[in-house]
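> with the sequence up front, the predicted model follows.
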Amino acid sequence: MASSQLDKLFSDLLSAQQQSTNSLPPVHLWHPPLSGDIDIVIDREGRWIHEGGEIKRGELVKLFASILVREGDEYFLLTPVEKWRIKVDVAPLFVVAASREHREGQQAITLTTSTGDIVVVDKTHPLSVDKHSGQPLPLVIVRNNLPALISRNVYYQLIDWALEASDGNTDKLCIISMGERFLLGSAV
């Protein structure tokens, strides 16, 4: 099925994703000079740590996540006049939920982050699995080149939905979303 037909078929999901993105500040228009480093770390589970203590106010974390940008391998909190470098252990966003929709023989996977980002897995928002210390590291690109680590529970849910495919030598687990195939790992 052509991409435009899939977009039409899943227009409600893509609209929810667009609304999620439209509610964010226009960080792409801001270009302040570097202000310095700030003692904020985003850990592997998406927790924001400031000076050793977790920031527990959800609305504050959402605000910070909304002004987060990535340049190369570095992450910054950006305002129109300030740019502060922060540290990120694995990925700045963390996927906590997944859902799937089947329509006319097609499937769309929607992922939701702990900060409320909604993303439909597709060519623009690809899912990949890297190896980190011998363990799978499932990631998805959410917005503005910002990756999200997929939680273990969601990763297992995706594996449960996966299809087996063979490349002749190895059986692979793949998931299809918006007409695209994404490799989750090797089948056992």
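That came through fine. Numbers count the residues shown, from 1 in each chain.
> going forward, measure contacts between C-alpha atoms and count neighbours the same way
Will do.
> across the sheet, point out what pairs with the spatially closest residue to Phe10 that is not a sequence neighbour.
Residue nearest to Phe10 in three dimensions, not counting chain neighbours: Ala108, with 7.4 Å by CA to CA, 6 or more residues apart in numbering. With DSSP bridges as the criterion, Ala108 is bridged to Glu101.
> so who does Ala108 touch?
Phe10, Arg100, Glu101, His102, Val120, Val121, Ile176, Ser177, Met178 (CA atoms under 8 Å, 6 or more residues apart in numbering).
> what ranges do the helices span in this structure?
3-9, 11-22, 58-66, 152-161 (DSSP state H).
> and the third one, how far out from the chain middle?
Right, the one you point to is helix 58-66. Relative to the centre of its chain, helix 58-66 is centred 16 Å away, using CA atoms, centre = their mean, to the nearest Å.
> now swap in the shortest one and tell me
Between the mean C-alpha location of helix 3-9 and the chain-wide mean there is a distance of 22 Å, by CA atoms, centre = their mean.
> now swap in the last one and tell me
Shown here is helix 152-161, whose average C-alpha point lies 15 Å from the average C-alpha point of the whole chain (CA atoms, centre = their mean).
> could you give the mean pLDDT of that helix?
Here helix 152-161 scores 93 as its mean pLDDT.
> re the thing from before, just the buried ones from the contacts of Ala108?
Listed as buried from those are Phe10, Val120, Val121, Ile176, Ser177, Met178; burial here means 16 or more other CA atoms under 10 Å.
> now render the contacts of Ala108 as CSV, adding pLDDT and distance to Pro138.
Putting the contacts of Ala108 into CSV (pLDDT from 0 to 100; distance: CA to CA, whole Å) gives the following:
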residue, pLDDT, distance to Pro138
Phe10, 74, 24
Arg100, 94, 17
Glu101, 90, 21
His102, 89, 23
Val120, 93, 15
Val121, 95, 13
Ile176, 92, 15
Ser177, 93, 15
Met178, 90, 18
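> and the closest residue in space to Ile175 that isn't next to it in sequence, how far from Ser177?
Nearest-residue entry for Ile175: Ala162, 4.7 Å, with adjacent residues in sequence omitted and distances by CA to CA, 6+ apart. From Ala162 over to Ser177 the distance is 11 Å, taken as CA to CA, to the nearest Å.
> with that, I have no additional questions.
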